[in-house]
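*Asks:* Here is a sequence with its predicted model. Questions after.
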Amino acid sequence: MKMIPGACALLFGAPLMAAVPAHAQDASLLDEIVVTGVRSDTAIQVARPEGVAAVAPDSAGLVARLPGAALIDNGGLSGQVQYRGLFGDRVLIRVNGQRFQGGGPNAMDPPLHYAPMPLVGTVEVDRGISPVRNGPALAGGVNAKLKEVGFGEGTGFAPAWDLMSSARSVDDSHSVGGVVGMASDRFRINLLGAYESGGDMRFPGGVIRDSGFRRDTYGLSAGWRSAAGDLGLDLRRQETGPTGTPPFAMDIRYFDTDFTRLSFASPAASTVRLEASLGHTRVEHAMDNFSLRPDPAMAAMRRRALADAETTVGEARLVFGTPTRSLSVGTDFEQVDKSVTITHPDNPDFFVTSLPGIESSRVGGYLEWRGAVRGIEAELGVRADAHRASADLARTGPAVPAGAALLAVAFNAGDRDWSGETVDLAARFWRDLGDFSPRLTLARKTRVPNAVERFSWMPTEASGGLADGNIYVGDRGLRPETAWIIESGFDWRRGAVWARPTVYYRRIDDYIQGVPFDDTPGVADTRVEMVAAMSGDPTPLRFANVDAALYGFDMDFGLQVTERLRIDGVSSLVRGKRRDVSDNLYRIAAPTLRLAATWQETDWSLGAEVAGTLRQTHVSTTNDEVASGGYAVVNLRGAWRLRPGVQLEAGVENLFDRDYRPHLAGRNRVAESDVAPGERLPGAGRGAFLTLKAAWR
């Protein structure tokens, strides 16, 4: 467990989140955001000073501060990470190394929803692509590691804890959480818990109604170390209470989610190592459009949706050799059961199984080699996966209009089973030339359509988290996405100056995006369009395969001006283009730049940050996307070490109370708010925060 060591404390400086390479030999492959500080004897090599973690509850905002990353802000607990123009299932996101499916059809609970900031210890981010050992995905991987008490050094048990409490004025939010436990050199155990609550977000024009949140997390982590290896058990339950989601048609009533994971790893020094794990996740979810926001104008439009998802995952691999010279062979599987039923709270005869008993599975195997040829370090991998997906019979109640019932009949009459295979290839090369390390990545990566994209037979606003107000319908004939990737860059450090630029190009065949349902948009000449028109949108979109390309540049950089003064920066630029028609891809982040200056003393630090974006005018005309303006906000932050292991942090975000609208923010769906319905949601106004952290090991 990474604890605060004397003068090197968490959040002890830069207001800009800088990545920390996990190991010297992996610096070209992996970024590691150190959230809980570092011990002086840690194995992590700090290539640059740590940065400041966001005080907001959404850990997606923390990852979004890295090069190439951006935040899709869908509410206090529903943010998604966009990485080099890709988001959703295309980014491989895990919590404690565990893959799982969220419960909501609209990604109200994306994976980082289950990584509350009071419990996050480190966040690992694969640069560019994720290794084949982690599973199929188009973009780089994110693994949020929760805090835990690590093994000790003596035979007796020693106590340990890592706790934090914070408050934020812009939404009257507060949180408290952390871990408490004990460990010896053979046993470890800790309890973990977090409580978070917040009200409606303020912005310069008023209040974003229906943006409050509540979330509780509790569990335990335990481990046993023997000569054979380490055995670990993690149990966790998360209960998300009534939480507003202004960009969506409904709000969260609850997410009740249970995590279980059993893992084993041979000793790190072994020349033949076994690593294995088995995990299970169960999500139960309810949402509605009347409990938190104003009732619909017509009582007949009241809706409550019930959803659940159950994921079982397992993996095992053998590693022959050392961490830097090895051959790995492994296998993994993933089994998901998912369903969604839309109901009327006052009419038991109204129900629609919009995702009827979706079952999907994946079984894969891979081979990965890590070594060097003539001084060039390399990681080469290949994996193959077999996929299956099926849907149960769609059902509708007698109170459901005839149009929707006929769509269910047509869905049931069609083929509801799919199977296919995918192959991923990855090759990463780099060379350490002292203060200069060039790197090159070549890859073929794949992603199969998710349940919403393939099996949504009923036109609804379920879009996997786009939160754009459009109505979508799926397509059972969708093909897997295939990305051909090349990226190149270098890591350079000369004295007090460093920089890590990267350029990349992704050619994606069969990219999945919403397109007009037919060739006569606006003319309701099909049953799907007629049903969509009854829900207020006569121009539904269907998920379809198109051809696309993403290319761009990103970089982080810094300068140690004096012994006390440091400047850090992050810049990102990505363009997304359709290759089948003359158009831009939908929902691509605007160019961004962050600059921060930090004054660091032994026991305190002060910093200022400017973060902003340029206008985004490269928008999708096919999807009627609206351009957005540029903006810049100023943040102030500071930290004071009260005593070893205890630190106080404070700051002001959006110092000049700038009214700004991030391009990736969703559209407001809540009436009687200070944000008009259909308007892009604003960013948070000026607000102060205060955080107290205490850690002991």
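*Replies:* Perfect, thanks for sending it.

*Asks:* C-alpha from now on. contacts and neighbour counts both.
*Replies:* Will do.

*Asks:* just the strands in the stretch 201-350 of the chain please.
*Replies:* Listed in chain order, the strands found in the stretch 201-350 of the chain under DSSP state E, counting those that start in this stretch are 201-203, 206-208, 213-226, 229-240, 251-265, 272-288, 304-322, 325-344, 347-373.

*Asks:* could you point out where the protein is predicted with low confidence?
*Replies:* 1-28, 34, 36-55 (pLDDT under 70).

*Asks:* can you give me the helices for the stretch 351-500 of the chain?
*Replies:* Here the stretch 351-500 of the chain has its helices, by DSSP state H, counting those that start in this stretch, at 402-413, 451-455.

*Asks:* Could you save those helices as CSV and add columns showing distance to N143 and mean neighbour count?
*Replies:* Shown next, in CSV, are the helices of the stretch 351-500 of the chain (distance: least, CA to CA, whole Å; neighbours: other CA atoms under 10 Å):
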stretch, distance to N143, mean neighbour count
helix 402-413, 37, 16
helix 451-455, 23, 24
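
*Asks:* OK, contacts around Y366?
*Replies:* By CA atoms under 8 Å, 6 or more residues apart in numbering, the residues touching Y366 are V132, R133, V329, G330, T331, G381, V382, R383, A384.

*Asks:* Identify the residue nearest it in space, chain neighbours excluded?
*Replies:* Excluding the flanking residues, the one nearest Y366 by CA to CA, 6 or more residues apart in numbering is R383, at 4.0 Å.

*Asks:* Format the CA atom coordinates belonging to stretch 205-225 as CSV.
*Replies:* Taking Å, rounded to 0.1, in the frame of the first residue of the first chain, the C-alpha atoms of stretch 205-225 are listed here in CSV:
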residue,chain,number,x,y,z
GLY,A,205,-26.1,31.0,-14.8
GLY,A,206,-27.8,29.3,-11.8
VAL,A,207,-28.2,25.6,-10.8
ILE,A,208,-28.2,22.4,-12.9
ARG,A,209,-31.3,20.8,-11.5
ASP,A,210,-31.3,17.1,-10.8
SER,A,211,-27.5,16.7,-10.6
GLY,A,212,-27.2,15.6,-7.0
PHE,A,213,-25.8,12.1,-6.1
ARG,A,214,-25.3,9.6,-3.3
ARG,A,215,-23.0,6.5,-3.2
ASP,A,216,-22.0,4.0,-0.5
THR,A,217,-19.2,1.4,-0.9
TYR,A,218,-18.0,-1.1,1.6
GLY,A,219,-16.1,-4.4,1.5
LEU,A,220,-12.9,-6.2,2.5
SER,A,221,-9.6,-7.4,1.0
ALA,A,222,-7.5,-10.2,2.4
GLY,A,223,-4.4,-12.1,1.3
TRP,A,224,-2.2,-15.1,2.3
ARG,A,225,1.4,-15.4,1.2
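
*Asks:* List the buried residues in that stretch.
*Replies:* Buried residues in stretch 205-225, defined by neighbour count with 16 or more other CA atoms under 10 Å: 207-225.

*Asks:* CSV please, covering the strands of the stretch 201-350 of the chain and showing distance to L636.
*Replies:* Shown next, in CSV, are these (distance: least, CA to CA, whole Å):
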stretch, distance to L636
strand 201-203, 18
strand 206-208, 23
strand 213-226, 25
strand 229-240, 31
strand 251-265, 33
strand 272-288, 37
strand 304-322, 41
strand 325-344, 44
strand 347-373, 43
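
*Asks:* Please work out which of those strands is packed deepest.
*Replies:* Mean neighbour count (mean count of other CA atoms under 10 Å) peaks for strand 201-203 among those, with a mean of 23.

*Asks:* who does that one touch, helix- and strand-wise?
*Replies:* Here strand 201-203 touches strand 206-208, going by 3 or more CA pairs under 8 Å, 6 or more residues apart in numbering; DSSP states H and E.

*Asks:* rewinding a little: okay if I get the helices of the stretch 351-500 of the chain as JSON lines plus distance to Q560?
*Replies:* As requested, the helices of the stretch 351-500 of the chain are exported to JSON lines (distance: least, CA to CA, whole Å):
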{"stretch": "helix 402-413", "distance to Q560": "62"}
{"stretch": "helix 451-455", "distance to Q560": "48"}
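
*Asks:* nearest to R293, of those?
*Replies:* helix 451-455 (25.3 Å; CA to CA).

*Asks:* Touching that closest one from outside, list them.
*Replies:* Applying CA under 8 Å, 6+ apart, the contact partners of helix 451-455 are 105, 355, 358, 391, 462-464, 473-478, 543.
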